[in-house]
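Novice: When you get a sec, could you give me coordinates for this:
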Amino acid sequence: MRIGQASRLSGASVRALRHYEDEGLIAPGRHHNGYRDYCDFTIARVRRVRSLLDVGLPLRLVREVLPHLGDEGTPITSVCDEFLDEVERYRDNVAARISDLTAQQDTLDAYLRAARDSHGRSRG
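Specialist: Got it, this is the predicted structure:
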């Protein structure tokens, strides 16, 4: 299938598909006229790339983990300890950002409660 249809089926923009190819994440075939030819395997791989990017993994880590994943995204081959350590550090950074955002949300909630209480007293 051509790039437009691949874009619709995978949910990735045409530009993203070209970028994934440039980055070596996918390797669509080519027609004799040079047009890209996306097969079902490539579409599935694009969806996997997008899911890994959507959880926040940087492209560099996606490139490293992708060859180790099976059809359902489960590991099929072992990865080195250094890679696992890096993913764990990344996850820990995400957890810390979530904690910071939760604290910010709590502060905003407290402000809104106080402002609403004050606003209600000034009206009554």
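Novice: Run through the neighbouring helices and strands of the helix or strand containing Val65.
Specialist: Assigned by DSSP states H and E, Val65 belongs to helix 59-65. Helix 59-65 sits against helix 40-54, helix 81-123, with contacts defined as 3 or more Cβ pairs under 8 Å, 6 or more residues apart in numbering; DSSP states H and E. C-beta here means a position set from N, CA and C on the backbone, and glycine is covered the same way.
Novice: got the ones you listed as a markdown table, with distance to Gly4, mean neighbour count and mean pLDDT columns?
Specialist: A markdown table is the format used below for the helices and strands packed on helix 59-65 (distance: least, Cβ to Cβ, whole Å; neighbours: other Cβ atoms under 10 Å; pLDDT from 0 to 100):
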| stretch | distance to Gly4 | mean neighbour count | mean pLDDT |
| --- | --- | --- | --- |
| helix 40-54 | 13 | 17 | 93 |
| helix 81-123 | 34 | 10 | 90 |
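Novice: and the ones you listed as CSV, adding distance to Arg30?
Specialist: Formatted as CSV, the helices and strands packed on helix 59-65 follow (distance: least, Cβ to Cβ, whole Å):
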stretch, distance to Arg30
helix 40-54, 12
helix 81-123, 32
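Novice: between those, which gets nearest to Ala6?
Specialist: Ala6 sits nearest to helix 40-54 of all the helices and strands packed on helix 59-65, at 6.0 Å, using Cβ to Cβ.
Novice: From what I see, Gly11 and Arg47 are in contact.
Specialist: Yes. With contact defined as Cβ atoms under 8 Å, Gly11 reaches Arg47; the gap is 7.1 Å.
Novice: how is the protein carved up into domains?
Specialist: Domains of the chain are assigned by automatic domain parsing as 1-77, 80-124.
Novice: residues in contact with stretch 96-116?
Specialist: Defining contact as Cβ atoms under 8 Å, 6 or more residues apart in numbering, one finds that nothing outside stretch 96-116 touches it.
Novice: Can you give the distance from that stretch to the centre of its chain?
Specialist: Distance, stretch centre to chain centre, for stretch 96-116: 26 Å (Cα atoms, centre = their mean, to the nearest Å).
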